[in-house]
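Peer 1: Predicted model and sequence below, questions to follow.
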Amino acid sequence: MAKSDIKTIGVVTSGGDAPGMNAALRAVVRACSYYKLRCKGIRLGYEGLITNNIVELGPRSVSNIINRGGTILKTARCAEFRTEEGRKKAYENIKKNEIDALIVIGGDGSFTGAHNFEKEFGIPTLGVPGTIDNDIFGTDNTIGYDTALNTVINAIDKIRDTATSHNRMFFIEVMGRDAGFIALNSGIASGAQDILIPEKKDEIEELFEAIQRGEKAGKLSNIIVVAEGEELGGVYDLAKFTKMKYPKYDIRVTVLGHIQRGGEPTCADRVLASRLGVAAVEGLMEGRSSVMAGIRSNNVVFTPFDEAIVKQNVINNELIRIADILAR
Ligand SMILES: Nc1ncnc2c1ncn2[C@@H]1O[C@H](COP(=O)(O)OP(=O)(O)O)[C@@H](O)[C@H]1O
Ligand SMILES: O=P(O)(O)OC[C@H]1O[C@](O)(COP(=O)(O)O)[C@@H](O)[C@@H]1O
Ligand SMILES: [Mg+2]
């Protein structure tokens, strides 16, 4: 579709919410207004496309949301959009609402859906990476990741107070689905004795060695950060095995859970979201589609959905190395 053909842009937040999605939505709406395009918000993720839950958005519709977590459009995981039938209903509503192009703020699953939709119905789609997991190729950071990291280290700092007071060992599970970005970075920032992530093959003996090293170094309490996708086992099993091996340790488990998805976005996430929201509108106006807007080395880049979905955002081995050096 040529630049001049786009008159109305639809915008949807989809998949797990992430702090900064509202800031991205605001940027999309304000950029549309700046370029004199209409903007329509699809509520409840792809479900809103299927049920025609679509609202007109103007610059004042997004007042006072830059600082708010969650998404005012709401979001969902929508099974029906995975079916051709569901996407056909979505297309009918896109036509009914005269939407010419779609901006999808979400994760890899949402981009897969957008990509399929564009291939089937020719509606240009453009992705904005919003997920706390940071598991998307084509951007240094995803929207929400920095906020989630800060939430995690604030929580672990509190746990450290009580761990130290009681000479206890804590196993702390953090989110990330199959990725260990949150675990590795929060583990370093909170001074963890060991960090277990799915990207690194871990043996239980290595965990025990890390614990022994801590003991030899005179540590009386320990924080072990475990990514939810860790293949060696979940936090409860790891705590159980450790207790069997070292009965003298007083061990507790904390699963941080959905607290990691909420809260006001950090400055870094607000700026990232603002840049990517504007880039998404401008990208569509330049005729780009089936791509994701991202920021790499401080520059806006567009990565084809095919690549963004299939390729992995790789863990920096340097971080694994320094985590090991510092836990001594
Ligand atoms: N293969 C697919 N085909 C069509 N739609 C999909 C596909 N995968 C995911 N989706 C849509 O995207 C939504 C969000 O995907 P999900 O993986 O839950 O979250 P995220 O986008 O955060 O990774 C799903 O609920 C579904 O509606
Ligand atoms: O809220 P739900 O549906 O239980 O999903 C939990 C998952 O969502 C996340 O918080 C975010 O993942 P997505 O951004 O891919 O949706 C993961 O870290 C976690 O595994
Ligand atoms: Mg995902």
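Peer 2: That came through fine. Numbers count the residues shown, from 1 in each chain. Ligands and ions are numbered 1, 2, ... in the order given.
Peer 1: What's the nearest residue in the stretch 201-328 of the chain when you look at ligand 2?
Peer 2: residue 261 (5.3 Å; C-beta to the nearest ligand atom). No exception for glycine: its C-beta is placed from N, CA and C like everyone else's.
Peer 1: how about stretch 161-180 against ligand 2, any contact?
Peer 2: Yes - interface with ligand 2: stretch 161-180 contributes 175-177 (C-beta under 6 Å from any ligand atom).
Peer 1: Need the pLDDT of the residue in the stretch 151-300 of the chain positioned nearest to ligand 3.
Peer 2: Nearest to ligand 3, among the residues of the stretch 151-300 of the chain, is residue 177, at 6.0 Å (C-beta to the ion). Here the pLDDT value assigned to residue 177 is 96.
Peer 1: Which ones, among the residues of stretch 161-180 next to ligand 2, also lie beside ligand 1?
Peer 2: Of the residues of stretch 161-180 next to ligand 2, not one also sits near ligand 1 (C-beta under 6 Å from any ligand atom).
Peer 1: possible to save those as TSV with neighbour count and secondary structure?
Peer 2: Formatted as TSV, the residues of stretch 161-180 next to ligand 2 follow (neighbours: other C-beta atoms under 10 Å; DSSP: H, G, I helix; E, B strand; the rest coil):
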residue	neighbour count	secondary structure
175	23	coil
176	26	coil
177	17	coil
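Peer 1: and which of those residues is nearest to residue 200?
Peer 2: Of all these, residue 176 has the smallest distance to residue 200: 13.1 Å, by C-beta to C-beta.
Peer 1: who's in contact with the residue of the stretch 201-328 of the chain closest to ligand 2?
Peer 2: Residues counted as contacts of residue 261 (C-beta atoms under 8 Å, 6 or more residues apart in numbering) are 16-19, 69, 132, 144, 148, 175.
Peer 1: hmm, 10 Å instead?
Peer 2: By C-beta atoms under 10 Å, 6 or more residues apart in numbering, the residues touching residue 261 are 16-19, 69-70, 131-132, 144, 147-148, 151, 175.
Peer 1: got it, and residue 128?
Peer 2: Going by C-beta under 10 Å, 6+ apart, the list of residues near residue 128 reads 11, 13, 20-21, 24-25, 27-28, 103-106, 110-111, 139, 142-143, 272-273, 275-277, 279-280, 283, 292-294.
Peer 1: Can you list the strands that the host helix or strand of it pairs with?
Peer 2: Taking DSSP states H and E as the criterion, residue 128 maps to strand 125-129. Paired strands of strand 125-129, with direction, are strand 101-106 (parallel), strand 291-296 (parallel) (DSSP bridges).
Peer 1: Could you give the secondary structure assignment for residue 312?
Peer 2: coil (DSSP: H, G, I helix; E, B strand; the rest coil).
Peer 1: Wait, it touches residue 134, no?
Peer 2: No - counting by C-beta atoms under 10 Å, residue 312 stays clear of residue 134, with 11.3 Å between them.
Peer 1: Give me the common contacts of those two.
Peer 2: residue 179.
Peer 1: Next one: the spatially closest residue to residue 82 that is not a sequence neighbour relative to residue 63, how far apart?
Peer 2: Spatial nearest neighbour of residue 82, excluding adjacent residues (C-beta to C-beta, 6 or more residues apart in numbering): residue 113 at 7.2 Å. Distance, residue 113 to residue 63, by C-beta to C-beta, to the nearest Å: 30 Å.
Peer 1: which ones are touching the closest residue to ligand 1 within the stretch 51-200 of the chain?
Peer 2: Minimum separation of the stretch 51-200 of the chain from ligand 1 (C-beta to the nearest ligand atom) falls at residue 109, amounting to 2.0 Å. Residues in contact with residue 109 (C-beta under 10 Å, 6+ apart) are 14-16, 77-78, 81-82, 131, 309.
Peer 1: Including secondary structure, could these go into JSON lines?
Peer 2: Converted to JSON lines, the contacts of residue 109 look like this (three-state DSSP):
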{"residue": "14", "secondary structure": "coil"}
{"residue": "15", "secondary structure": "coil"}
{"residue": "16", "secondary structure": "coil"}
{"residue": "77", "secondary structure": "coil"}
{"residue": "78", "secondary structure": "coil"}
{"residue": "81", "secondary structure": "helix"}
{"residue": "82", "secondary structure": "helix"}
{"residue": "131", "secondary structure": "coil"}
{"residue": "309", "secondary structure": "helix"}
